[in-house]
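[1] Starting from these lines, generate the structure:
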Amino acid sequence: MSSKDTIAAFGTVAGKLAVGGIAVDRLAERVGSTPFFAYDRRLLTDRVAQLRATLPERIELSYAVKANPMPAVVQHLSGLVESLDVASALEMRTALDTTMPPTRVSFAGPGKTVPELTQAVAAGVTIEMESATEAERIVAIGGQLGVRPRVAIRVNPDFEVKGSGMRMGGGPQQFGVDAELVPALLARLAATDLDVLGFHVFAGSQNLRAEILGEAQRKTVELITRLAESLRTPVRYLNLGGGFGIPYFDKDASLDLPAIGDNLAELVAGPITARFPEARIVIELGRYIVGECGVYVTRVVDRKQSRGQTFLVVDGGLHHQLAASGNFGQVLRRNYPLAIGTRMDEEPAEKVSVVGCLCTPLDLLGNNVSIPTSEIGDLVVLFQAGAYGLTASPTAFLGHPAPAEVLV
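    The predicted structure follows:
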């Protein structure tokens, strides 16, 4: 969806934005305070259904919990996807609190501590190993617990993916084992009691170009086909990563999901089925599932003029929604989609800057945006707030209260 389509997907009630069918001003009263994050249950369900209808039947969906670890969101999605991917012990506990079997939980990320690895081995989750040192620790923990650890090797590929918001593979990386070192590691692990299930390759995130993602998927299958020759058991787990992007800005084009589906269908029908008939084929998605299903709602507390410029000061800010302020990886700051949620049926009548309540000029949520004439008490809504919002923001900065989160 384009950013305009995303806004339209939520719908309105009596000229006010609706989340989960509830008008945003009524939802604010239900929550009890502003600012807050609200996630739409129907949109989450619809997004997974869209993926199901487009990707090959053999492809399994894994939700990357780091995108939005709110327990209610994870609980809801656990009934819609085949597995959950976590990046910390806390996320692992959240995943294990759902009905998802531990064997369908994977644990990735560099720098896992011995206590974290011990919890993972004891729980029976699949650990995606990021280094030889991590592998040694897992072997020792398995021996101490009398449990055979379930592992996969996260591979740092020998190719790069251009056009990604963040590159997480190719060249020197803190992520994964360099592809050329994997055969030697597998040889050492053959003498241990690790249950090596397969491989995980995640080359990059937030990519909006289907042709680039398709090329990365093809190269990933080729790479794992080569590496599998060093694995003494059949590959039972093949995580192709994700990287599906969503549009944040007016000029962003939506990802061509059908093209992704066609490419994966060719891979599944051809080399994957021929070489890996026993493998679970996993696509790992976080932002693409939840990003467009959430909003950040904040209230106008002041309206002021300064030398010809109008400022709307709101009670939220970058301490809750860092990405929308432009301070979470943007090279050139651009505005996230923004609306006055209490005036959805009114035409733009002025240009303003929407600023947060923090004592820093970095706290800019909307620069020179066109909106209906707005007053103190109106609700400003920032879209594309379902992923990497609250937990990716400096909530302790300047000591303001944390916002609420609701799933409706």
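[2] end to end, how far does stretch 304-317 reach?
    Start-to-end span of stretch 304-317 (C-alpha to C-alpha, to the nearest Å) is 17 Å.
[3] next one: stretch 276-290
    30 Å.
[4] now that stretch: how far from the chain's centre is it?
    Put simply, stretch 276-290 sits 13 Å off its chain's centre (C-alpha atoms, centre = their mean, to the nearest Å).
[5] Could I get the average pLDDT for it?
    Averaging pLDDT along stretch 276-290 yields 96.
[6] Can you give me the buried ones in that stretch?
    By neighbour count on 16 or more other C-beta atoms under 10 Å, the buried set for stretch 276-290 is 276, 279-290. The C-beta positions use only the backbone N, C-alpha and C, and glycine is treated the same way.
[7] Identify those among the residues you listed that sit within helices.
    Under the assignment DSSP state H, the buried residues of stretch 276-290 contribute Arg287, Tyr288, Ile289, Val290 to helices.
[8] how close does the nearest residue to the third one once chain neighbours are set aside get to Ile246?
    Residue nearest to Ile289 in three dimensions, not counting chain neighbours: Arg47, with 5.5 Å by C-beta to C-beta, 6 or more residues apart in numbering. Counting by C-beta to C-beta, to the nearest Å, the separation of Arg47 from Ile246 is 10 Å.
[9] joint contacts of these two?
    Common contacts of Arg47 and Ile246, defined by C-beta atoms under 8 Å, 6 or more residues apart in numbering, comprise Tyr288, Glu292.
[10] What pLDDT is listed against Val352?
    pLDDT, read off for Val352, is 97.
[11] and it, how many neighbours?
    21 (other C-beta atoms under 10 Å).
[12] and what of Leu17?
    For Leu17, the count of nearby residues is 26 (other C-beta under 10 Å).
[13] Where does it sit: helix, strand or coil?
    What DSSP: H, G, I helix; E, B strand; the rest coil gives for Leu17 is strand.
[14] if we can go back for a sec, output the ones in helices among the buried residues of stretch 276-290 as TSV; include the columns distance to Asn207.
    What follows is those, written out as TSV (distance: C-beta to C-beta, whole Å):
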residue	distance to Asn207
Arg287	10
Tyr288	10
Ile289	15
Val290	17
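[15] ok, those residues vs Ala18, which is closest?
    Val290 (18.4 Å; C-beta to C-beta).
[16] Leaving out the residues flanking it, which one is nearest to that closest one?
    In space, and not counting its chain neighbours, Val290 is closest to Gly386: 4.0 Å by C-beta to C-beta, 6+ apart.
[17] and that neighbour, backbone torsions?
    As for Gly386, its main-chain torsions (degrees, to the nearest 10) stand at phi -80, psi -20.
[18] now do Arg148
    According to degrees, to the nearest 10, Arg148 has phi -80, psi 110.
[19] which residues of the stretch 251-400 of the chain score low on pLDDT?
    331 (pLDDT under 70).
[20] Mind splitting the chain into its structural domains?
    According to automatic domain parsing, the chain comprises the domains 3-39+291-407, 69-285.
[21] Of those domains, which is nearest Ala53?
    domain 69-285 (8.7 Å).
[22] Now do that closest one: distance to the chain's middle.
    With C-alpha atoms, centre = their mean, you get 14 Å for domain 69-285.
[23] Roughly how far does the spatially most distant residue from the centre of the chain sit from Glu29?
    The C-alpha centroid of the chain is most remote from Arg307, which lies 40.6 Å away (C-alpha atoms, centre = their mean). According to C-beta to C-beta, Arg307 and Glu29 sit 36 Å apart.
[24] mind checking the longest helix of this protein?
    helix 210-227.
[25] So what's the model's average confidence on the helix or strand following that helix?
    Next along the chain after helix 210-227, taking DSSP states H and E as the criterion, comes strand 237-239. Strand 237-239 shows a mean pLDDT of 96.
[26] Can you tell me the closest non-neighbouring residue to Leu227?
    Sequence neighbours aside, Val182 is the residue nearest to Leu227 in space, at 5.1 Å (criterion: C-beta to C-beta, 6+ apart).
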